[in-house]
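> predicted structure and sequence below. I'll ask about it afterward.
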Amino acid sequence: MPEIEPRVPELDKRKAYILTTVVYEYIATAEPVGSATLTQKYNLGVSSATIRNEMAELEARGYLVQPHTSAGRVPSDVGYRTYVDRLMPPENLSDEEGARLHAEFAHAGRALDEIVEQTTRLLSQLSQNLAVVVAPSRDSQTFRHLQLIWLAERSILMVVVTTAGVTEQHVIEPDAAVDPDELTRCSNALNKWLSGRLLSELDRAAVVGALREIAPPVPLSLIDGVVAGFAKTRRPEERRILFGGAQHLLDQPEFRDFKKLRSILDLVEEQRTLYRMVLESIEREHAEPSVRIGGELDLEDMSECSLVTIPYRMGDRSLGVLAILGARRMPYGRMMALVAATAEHLSQHLTDVELP
């Protein structure tokens, strides 16, 4: 177990070290920790009786709980929170995990949906927990280019491509006939003046401004069709949430009780509650992992769970959220390092894709 420097004013060094050791041992074994175990496995420099007294005081202060009479103790929510915030040494991914992340994103595609799905699978495999990824909303993406393709005199195919690799197609049916050359001039003007702008900015004023120099003037019905096409591409109300690795929860002793597991799976299926819970972190300015432990999730059915979240970005814009949902008895340092490194790779990949 790594050395620590306790930074908990209300705990002396011995109590802080014993709390850290109990958390470390319980995460590793899923078995309540007794004083005899700490005496035998860790060089604490004091007797078993002293450790027993210190553990009893930690329990009295709310850091540990005793699940059964005569059994060892396990960390409480307060104990885990103190460990995560003040006692846990920082961790880094293994060389193998770092290489896996690098290789996966080096070969990732350019289409946004494909990237997000791949990230969900990767995060669940590496964490051996349930991975949750909130995909970007369409209006947070930037416009790269479009094509207006002549199909017939009053039928035009509008193809919109975003910098995240999303392609949308819409059919425009103007009131007046438009020839192919006019469509080419319109496409060039729209690409020249609007490329690089957020989809949320592509309103009627932007389209009219981009087409102001086209002669003869563009038919009003064509302008209406382009504006409507951009609006359909944005679809700001749509925001996908992806899950991967729910089967990994079966490997956790906490979820061998099928009723507990069923409650969590119901939340995953219902999505809305978990979506709100995860999405809170996208508003944070600092791209650091956030941890919510047990009762902090404010859901009785998830009292045995913890959630680690972090936003990911495209350039300087927060786009979505990565999260790991698992047992409260999770290796927090590794999970935080993993979700942070995955978010960093995903953000860099999206930013590279966005560059023209």
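Alright, I've got the coordinates.
> give me the low-pLDDT residue ranges for the stretch 201-350 of the chain?
236-238, 281-287 (pLDDT under 70).
> surely Leu122 is in a helix?
Yes - assessed with DSSP: H, G, I helix; E, B strand; the rest coil, Leu122 lies in a helix.
> is it true that it touches Ala103?
No - taking C-beta atoms under 8 Å as the definition, Leu122 is not a contact partner of Ala103, at 10.2 Å. In this view, the C-beta of every residue, glycine as well, is placed from N, C-alpha and C.
> give me the more crowded residue out of the two.
Leu122 (22 against 10; other C-beta atoms under 10 Å).
> list phi and psi for Asn43.
Per-residue torsions, Asn43: phi -90, psi 80 (degrees, to the nearest 10).
> what number of residues lie near it?
Close neighbours of Asn43, defined as other C-beta under 10 Å, add up to 7.
> got a pLDDT number for it?
Predicted confidence (pLDDT) at Asn43: the value is 82.
> mind listing the strands in this protein by residue range?
Assigned by DSSP state E, the chain shows strands spanning 64-65, 74-75, 130-134, 143-152, 155-162, 167-172, 241-244, 290-293, 305-314, 317-327.
> so which elements touch the last one?
Other helices and strands packing on strand 317-327, by 3 or more C-beta pairs under 8 Å, 6 or more residues apart in numbering; DSSP states H and E, are helix 112-127, strand 130-134, helix 272-279, strand 305-314, helix 332-354.
> kindly report the same for the third one.
Here strand 130-134 is seen to pack against helix 112-127, strand 241-244, helix 272-279, strand 317-327 when contacts are counted using 3+ C-beta pairs under 8 Å, 6+ apart.
> any idea which of the ones you listed is most buried?
Counting by mean count of other C-beta atoms under 10 Å, strand 317-327 has the highest mean neighbour count of those, with a mean of 24.
> quick one, that one and helix 272-279 angle?
Relative orientation of strand 317-327 and helix 272-279, computed by axes from the mean of the first three to the mean of the last three C-alpha atoms, to 10 degrees: 120 degrees.
> how far away from the center of its chain is strand 317-327?
How far strand 317-327 lies from its chain's middle: 2 Å, per C-alpha atoms, centre = their mean, to the nearest Å.
> ok, that strand: who's next to it in the sheet?
According to DSSP bridges, strand 317-327 has the following sheet partners: strand 130-134 (antiparallel), strand 305-314 (antiparallel).
> for the shortest one, give the mean pLDDT please.
Meaning strand 130-134. Average pLDDT, strand 130-134: 93.
> residues contacting the nearest residue to Ser48 once chain neighbours are set aside?
Computed as C-beta to C-beta, 6 or more residues apart in numbering, the closest residue to Ser48 that is not its neighbour in sequence is Thr39, at 4.4 Å. Thr39 is in contact with Ser47, Ser48, Ile51, counting by C-beta atoms under 8 Å, 6 or more residues apart in numbering.
> quick one: which of those residues has the most company?
Busiest of the contacts of Thr39 [other C-beta under 10 Å] is Ile51, holding 22 neighbours.
> show me the shaky parts of the stretch 51-200 of the chain.
By pLDDT under 70, the weakly predicted segments of the stretch 51-200 of the chain are 69-70, 164-165.
> quick revisit: and the helices and strands packed on strand 130-134: which comes nearest Arg185?
Closest to Arg185 of these, according to C-beta to C-beta: helix 112-127, at 29.7 Å.
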